[in-house]
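Participant: I need the structure of the sequence given here:
(one chain, ligands or ions: 1)
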Amino acid sequence: MPTAAERHAMARARRLGAGVLGSTSPNPAVGAVVLAADGTPVGEGATAPPGGPHAEVRALAEAGDRARGGTVVVTLEPCAHTGRTGPCADALLAAGVSRVVVAVPEPTSPAGGGAARLRAAGVEVVLGVEQAEAEDGALGAWLTGVREQRPQVVWKVAGTLDGRVAAADGSSRWVTGREARAAVHRLRATCDAVLVGSGTALTDDPQLTVRDADGVPAGRQPLRVVLDRRGRLPSDARVLDDAAPTLVSAAAGPRELLAELFARDVRRVLLEGGPTLAAAFLRAGLVDEAVVHLAPKLLGGGASLVGDLGITSIGDALTLSVVDVTRLGGDVGIRLRAYRHTGGSRSAESPAATGGS
Ligand SMILES: NC(=O)c1ccc[n+]([C@@H]2O[C@H](COP(=O)([O-])OP(=O)(O)OC[C@H]3O[C@@H](n4cnc5c(N)ncnc54)[C@H](OP(=O)(O)O)[C@@H]3O)[C@@H](O)[C@H]2O)c1
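Facilitator: Sure thing, here's the model as predicted:
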């Protein structure tokens, strides 16, 4: 059983992991906290970009000698293998910690075994502490990759109260206000790639970069991706500028595109529309999360949030589950989930999981 201090540290570790989401792929975004023997937090860390130290190693470095006899609280089981960095289990043993509290057991066989190695050396290991929370958080992207050999897909859309993303004349700037648009930039920063269909690229000519409120671009930019099978994207499209790398793909469909992105180490994709491409992903059952921003406006006409899903009866409606609702200035942000990861296999939380292709 974890102590109250360990639960508190686990919540902090999840936030640390979330803070580096978007910079660690193809590695997991892990967070770790070191508690001294008396339960005081003495070090914390999160996964560095690929090739850099893992979360536990960074947290131990910060704790120094105070880790001896203490506890490491970490969102993912420490690895026992030597990849680009040494095994974390060995670092924990060298630091002399007496207890390790883990949220998610390591699901990949080459890296698995950290807990066994630690236990063999006399360290107490507790696995599965607040596992669902960790899996639904920053580890979700990496776990989707491990389990399904594809990136996690987050579909983002901004619409009016009556579910329109553009007016009848095609104008769509802006549906939502400043706060909601800033939230989109923060969301982009947590992703390895940002994707639109050729229709959106042609109509809106978006730049698809991560920028702050003053328009200053972030240091790290996700890969920009346009799915354009007919080669309609003009050479002067803003998405082709040198502000960030861009992939123009002619992949046959969502699954093929995700395979292409996975091979490039992309583990989390933000699908920014439009309605036609979003419908293709939803029909293929390839949307894991949705972020819907609703503006308190009515248009009564114009393109709707999502294109044809092939559904004709209310009983067949694709149903998502609400994770949370937030106010974004005058708008409302809703985060929804289509699938839930439960241990080794994916189980349906809604009919979305059985969406045909
Ligand atoms: N408010 C918002 O959040 C938001 C976000 C995005 C867009 N929008 C609005 O949405 C409108 C554009 O939407 P749209 O539906 O026309 O464009 P879209 O969904 O961005 O792009 C559709 C195009 O994507 C390509 N595509 C590639 N693979 C596909 C596949 N497997 N299935 C379907 N399409 C595939 C197709 O062109 P090819 O066959 O040439 O590949 C298709 O014509 C604009 O008015 C824009 O303002 C609003």
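Participant: which parts of the stretch 151-300 of the chain sit against the ligand?
Facilitator: Counting by C-beta under 6 Å from any ligand atom, the residues of the stretch 151-300 of the chain close to the ligand are 157-158, 165-166, 170, 172, 175, 196-200, 203-204, 227-230, 232, 253-254, 272-277, 280. Glycine gets a C-beta too; all of them are placed from N, C-alpha and C.
Participant: Now, of the residues you listed, which are buried?
Facilitator: 157-158, 165-166, 172, 175, 196-200, 203-204, 227-228, 254, 272-277, 280 (16 or more other C-beta atoms under 10 Å).
Participant: and the residue nearest to Gly274 when sequence neighbours are not counted, what does it touch?
Facilitator: Nearest residue to Gly274, sequence neighbours excluded (C-beta to C-beta, 6 or more residues apart in numbering): Thr200, at 4.1 Å. By C-beta atoms under 8 Å, 6 or more residues apart in numbering, the contact list for Thr200 reads Pro206, Glu272, Gly273, Gly274, Leu277.
Participant: Can you say which two of those are spatially most distant?
Facilitator: Greatest spacing in the contacts of Thr200, by C-beta to C-beta: Pro206 and Leu277 (13.2 Å).
Participant: which neighbours do the two share?
Facilitator: In contact with both Pro206 and Leu277: Val196, Thr200, using C-beta under 8 Å, 6+ apart.
Participant: coming back round to it: can you flag which of the buried ones among the residues of the stretch 151-300 of the chain next to the ligand belong to strands?
Facilitator: Val157, Ala158, Val196, Gly197, Leu227 (DSSP state E).
Participant: tell me which residues form a beta bridge with the fourth one?
Facilitator: What that stands for is Gly197. Leu227 (DSSP bridges).
Participant: just checking, it touches Leu227?
Facilitator: Yes. Gly197 is within contact range of Leu227, at 5.3 Å (criterion: C-beta atoms under 8 Å).
Participant: Overlap of the contact sets of those two?
Facilitator: Leu277.
Participant: ok, Arg264 touching Leu223?
Facilitator: Yes. Counting by C-beta under 8 Å, Leu223 is a contact partner of Arg264 at 7.1 Å.
Participant: out of the two, which sits in the busier spot?
Facilitator: Set Arg264 next to Leu223 and count neighbours by other C-beta atoms under 10 Å: Leu223 wins out with 19 against 15.
Participant: how many neighbours does Ala284 have?
Facilitator: Neighbours of Ala284 using other C-beta under 10 Å come to 16.
Participant: quick one: pLDDT of it?
Facilitator: Ala284 carries a pLDDT score of 95 in this model.
Participant: Kindly report the same for Gly112.
Facilitator: At Gly112, pLDDT is 69.
Participant: Likewise for Cys79?
Facilitator: 87.
Participant: Where does Ala63 sit: helix, strand or coil?
Facilitator: Classification of Ala63 using DSSP: H, G, I helix; E, B strand; the rest coil returns helix.
Participant: any low-confidence regions in this protein?
Facilitator: Applying pLDDT under 70 to the chain flags residues 82-86, 109-112, 339-357.
Participant: which helices and strands does the longest helix along it pack with?
Facilitator: Taking DSSP state H as the criterion, the chain has its longest helix at helix 4-19. Packing contacts for helix 4-19, counted by 3 or more C-beta pairs under 8 Å, 6 or more residues apart in numbering; DSSP states H and E, involve strand 31-35, strand 41-46, helix 55-63, strand 71-76, strand 99-104, helix 131-136.
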